[in-house]
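In: Below is the structure, and that's it, no one-letter string:
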């Protein structure tokens, strides 16, 4: 659900707008509602984007309802050109994800791009109000991540209304820049009355995902997979279709209910061990049985990060403290707020959807690429 860089954006206008739309997401949005006679869908893409999977996911009838704009969200002029007067809703999900990498790249894709997106949304919103235009920007949805929470706080304690998100810790570029992006959105809500809210998905899986599922399959095929304390605890993995419905629910909810609020989107039903076992089963690989205690992996990750940072190694370590936080403890993210305000609960059957993802991996052969 995240693009590799920040040049993709969905708006829903008489034009709606969506940034960071992937084929996986596109296939799972209730488009029959969005593509009615009153809506036009715009999606941005990078110049080098291969849109064939997106076109195939939508089908010819829905594809005709989508306007594709090629732009970089790191360029102010290009972002401004996206905000035509009739834009009514914006879904900003473009980002660079990962537990390792150059801070500057995370900054440009996550923080700078969001700053430009929000600034132009504020400008458009103010202009529409000043000129009393009939079309108004009625919602700005920022797709964030549960990784913005302080890593010292266990997932089960990460209540959206109680835990403060801060961008001060720059140890991990993704966490810091996504947290700062949230601060930018909320500042615009307070200072300029931008009609915005935030959704925070946990690890997202599904056919079309180039992160969760694909990376694990590659590691397992190379015989480098391992479990943490047996991995019999919740993964929090949420299917892209459930995430898409969470975004639509945030668009449809009364503004007073969601204004300036953030919502965790996670599924507590599947555990990491089942995830690894089903990947191995469907992709005809040996199951992962090697297990290490959390404390040992913590020390290994700490040592690897020290070596990698000291010598500025380009590749990423096999394991980081960031990754260990995700796969080494129960991912029981609270979702009561999304249930209460959005009427959202995860509904997709894990086994069936993971089988679909494995079928996609086999059809593309991507997991065979080292």
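Out: All right, it came through fine. Keep in mind that what you see is a predicted model, and the values were worked out from it rather than measured.

In: number of nearby residues for the nearest residue to residue 273 once chain neighbours are set aside?
Out: Spatial nearest neighbour of residue 273, excluding adjacent residues (Cβ to Cβ, 6 or more residues apart in numbering): residue 231 at 4.3 Å. Yep, even glycine has a C-beta here, placed from its N, CA and C like the rest. Number of residues near residue 231 (other Cβ atoms under 10 Å) recorded here: 19.

In: Pull the contacting residues for residue 231.
Out: The contact partners of residue 231, by Cβ atoms under 8 Å, 6 or more residues apart in numbering, come to 271-273, 276, 291, 327.

In: Would you mind checking those residues for buried ones?
Out: Neighbour-count burial (16 or more other Cβ atoms under 10 Å) applied to the contacts of residue 231 gives 271-273, 276, 327.

In: Could you export those residues as CSV, including secondary structure and distance to residue 341?
Out: Converted to CSV, the buried ones among the contacts of residue 231 look like this (DSSP: H, G, I helix; E, B strand; the rest coil; distance: Cβ to Cβ, whole Å):
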residue, secondary structure, distance to residue 341
271, strand, 28
272, helix, 29
273, helix, 33
276, helix, 34
327, helix, 29
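
In: Out of those, which comes closest to residue 131?
Out: The nearest member of the buried ones among the contacts of residue 231 to residue 131, counting by Cβ to Cβ, is residue 327 at 51.3 Å.

In: Below-threshold pLDDT in the stretch 201-350 of the chain: ranges please.
Out: Applying pLDDT under 70 to the stretch 201-350 of the chain flags no residue at all.

In: And the helices in it?
Out: 214-221, 240-252, 255-258, 272-282, 294-311, 321-327, 336-342, 350-364 (DSSP state H, counting those that start in this stretch).

In: out of the ones you listed, nearest to residue 71?
Out: With Cβ to Cβ as the criterion, residue 71 lies closest to helix 240-252 of the helices of the stretch 201-350 of the chain, at 20.6 Å.

In: that's a strand at residue 42, yeah?
Out: Yes. Assigned with DSSP: H, G, I helix; E, B strand; the rest coil, residue 42 falls within a strand.

In: hmm, back to that, out of the helices of the stretch 201-350 of the chain, which is the most enclosed?
Out: Mean neighbour count (mean count of other Cβ atoms under 10 Å) peaks for helix 240-252 among those, with a mean of 22.

In: Please spell out which residues along stretch 46-55 are buried.
Out: Within stretch 46-55, the residues that count as buried by 16+ other Cβ under 10 Å are 46, 49, 53-55.

In: Turn the helices of the stretch 201-350 of the chain into CSV, columns for distance to residue 93.
Out: Putting the helices of the stretch 201-350 of the chain into CSV (distance: least, Cβ to Cβ, whole Å) gives the following:
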stretch, distance to residue 93
helix 214-221, 19
helix 240-252, 8
helix 255-258, 17
helix 272-282, 23
helix 294-311, 28
helix 321-327, 19
helix 336-342, 16
helix 350-364, 19
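
In: out of those helices, which comes closest to residue 117?
Out: Among these, helix 240-252 comes nearest to residue 117, with 15.4 Å by Cβ to Cβ.

In: Would you mind pulling up the elements that that closest one packs against?
Out: With contacts defined as 3 or more Cβ pairs under 8 Å, 6 or more residues apart in numbering; DSSP states H and E, helix 240-252 has these neighbours: helix 23-26, strand 87-92, strand 139-143, strand 196-201, strand 204-205, strand 262-265, helix 336-342.

In: Turn these into CSV, columns for distance to residue 237.
Out: Output for these, formatted as CSV (distance: least, Cβ to Cβ, whole Å):
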stretch, distance to residue 237
helix 23-26, 14
strand 87-92, 22
strand 139-143, 17
strand 196-201, 10
strand 204-205, 5
strand 262-265, 11
helix 336-342, 16
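
In: Can you say which of those is packed in most?
Out: Among the helices and strands packed on helix 240-252, the stretch with the highest mean neighbour count (mean count of other Cβ under 10 Å) is strand 204-205, at a mean of 28.

In: List the neighbours of that strand that are in contact with it.
Out: By Cβ under 8 Å, 6+ apart, strand 204-205 touches 1-2, 211-213, 237-240, 243, 275, 353-354, 357.

In: What pairs with it, parallel or antiparallel?
Out: The strands that strand 204-205 pairs with in its sheet are strand 238-239 (parallel) (by DSSP bridges).

In: ends of stretch 97-112, how far apart?
Out: With Cα to Cα, to the nearest Å as the measure, stretch 97-112 spans 15 Å from end to end.

In: What are the buried residues along that stretch?
Out: By 16+ other Cβ under 10 Å, the buried positions in stretch 97-112 come out as 97-101, 105-112.
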